[in-house]
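Undergrad: Next input, structure requested:
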Amino acid sequence: MPRTARGLHYEVTDLRAPWLRERQTGRPVVLHHGVGASLGIFAEWMPIVAARHPVARFDMRGFGLSAVPPESHAWSMTELIADLLEVAEAAFGAEPVHAMGESIGGTIALAAGLRHPSRFASVAMSNAAIMGGQIGYAPGWRAEIARIGIEGWSERLMEMRFAPGAVPAQALAWFGTGQARSPAHVVVGLGELLVGMDLTAELPDCKLPLLLMMPDRSPFVSLAQASALAELVPQAEIAVFPGARHGLPLSHAKEAAGTLLAFLGRVEAGRLAPPRAARRDG
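TA: Purely as a prediction, here's the structure:
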């Protein structure tokens, strides 16, 4: 059970055929989950992405098997970026990696790519925000958890994450159980940090290949954020998943993983498509 020096639990999966490993094909990928989740949210991504790229998944600070900060902890984007960079280095050394994050994980991945571009080959985001002040519901988490507890908060969030029937019952129960175990102070701290984030001023300087995978029915991150990003980063690719809510990486795992894999292939072949918005069946 590998851990970084900062107490972050991570796993590396490499399903490439031996002849592909010998040729060192496919840059490494680091996957970053969001609030209330764990690295297991990407389980169904592994047979698809790890067949072409070595993949590191990790439990972000405060969740899963990673270290939980004390209630007095002062959350910062600088620290969360450092966590991502530490996992990338522990798993793959100094080699630039592709980073893909969901929800706040996507915001962290983008911020890391903007501030440390030499460490990354590309950045991809799923149901993630560039302007935290436009996220629905997050500003009220502190009062809501104080009123109904973390389990009540989690139950309410499940309806926002997943449309009825979008996720098999066993997977839904697994996710709900894990989310309800989230430390309340971690959820509140990260939610309030995210609400205060705004990356728009930095985005015009973005030189990395960028993919944004967006649900069209997230109650947290609207498609307006994708439009704003496209205005600031014309070379970005945007894939919209009809019928998806905020739990896109779990509810549309195979479709999202395939979209990411195709994007990485274009990046590494140096043949990114002209800027366009694509809709994915889902």
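Undergrad: which residues touch the residue nearest to G106 when sequence neighbours are not counted?
TA: Once flanking residues are discounted, G106 sits nearest to A128: 2.6 Å by C-beta to C-beta, 6 or more residues apart in numbering. Glycine gets a C-beta too; all of them are placed from N, C-alpha and C. A128 is in contact with 34, 101-107, 109-110, 212, 221, counting by C-beta atoms under 8 Å, 6 or more residues apart in numbering.
Undergrad: Next one: A128 from G101, what distance?
TA: 6 Å (C-beta to C-beta, to the nearest Å).
Undergrad: Show me the common contact partners of these two, please.
TA: Joint contacts of A128 and G101 (C-beta under 8 Å, 6+ apart) are 34, 107, 109-110.
Undergrad: what's the closest of those residues to A262?
TA: A109 (18.3 Å; C-beta to C-beta).
Undergrad: now the shared contacts of A128 and G101 in TSV, with secondary structure and distance to A230?
TA: Below are these laid out as TSV (DSSP: H, G, I helix; E, B strand; the rest coil; distance: C-beta to C-beta, whole Å):
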residue	secondary structure	distance to A230
G34	coil	22
T107	helix	17
A109	helix	18
L110	helix	14
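Undergrad: from those residues, which two are the most distant?
TA: Farthest pair in the shared contacts of A128 and G101, by C-beta to C-beta: G34 and L110, 13.0 Å.
Undergrad: And these two? Which one has more around it.
TA: L110 (29 against 25; other C-beta atoms under 10 Å).
Undergrad: dump the residue contacts of the residue nearest to N127 when sequence neighbours are not counted.
TA: Once flanking residues are discounted, N127 sits nearest to L248: 4.8 Å by C-beta to C-beta, 6+ apart. Residues near L248 by C-beta under 8 Å, 6+ apart: 102, 126-127, 213-215, 218, 241, 256.
Undergrad: hang on, the earlier thing: just the closest of the contacts of A128 to E231, please.
TA: L212 (12.4 Å).
Undergrad: How many neighbouring residues does that closest one have?
TA: When neighbours are counted by other C-beta under 10 Å, L212 comes out with 25.
Undergrad: pretty sure it is touching Q235, no?
TA: No: using C-beta atoms under 8 Å, L212 makes no contact with Q235, being 11.7 Å away.
Undergrad: was I right about S154 contacting V35?
TA: No: if you go by C-beta under 8 Å, S154 and V35 don't touch, sitting 10.6 Å apart.
Undergrad: now, which of the contacts of L248 sits nearest A51?
TA: So of the contacts of L248, ranked by how close each gets to A51 (C-beta to C-beta), first place is A256, at 15.3 Å.
Undergrad: ok, which pair from the contacts of L248 is furthest apart?
TA: Maximum distance among the contacts of L248 (C-beta to C-beta): 13.5 Å, for S218 and A256.
Undergrad: Can you work out which residues contact both of S154 and V35?
TA: Joint contacts of S154 and V35 (C-beta under 8 Å, 6+ apart) are S182.
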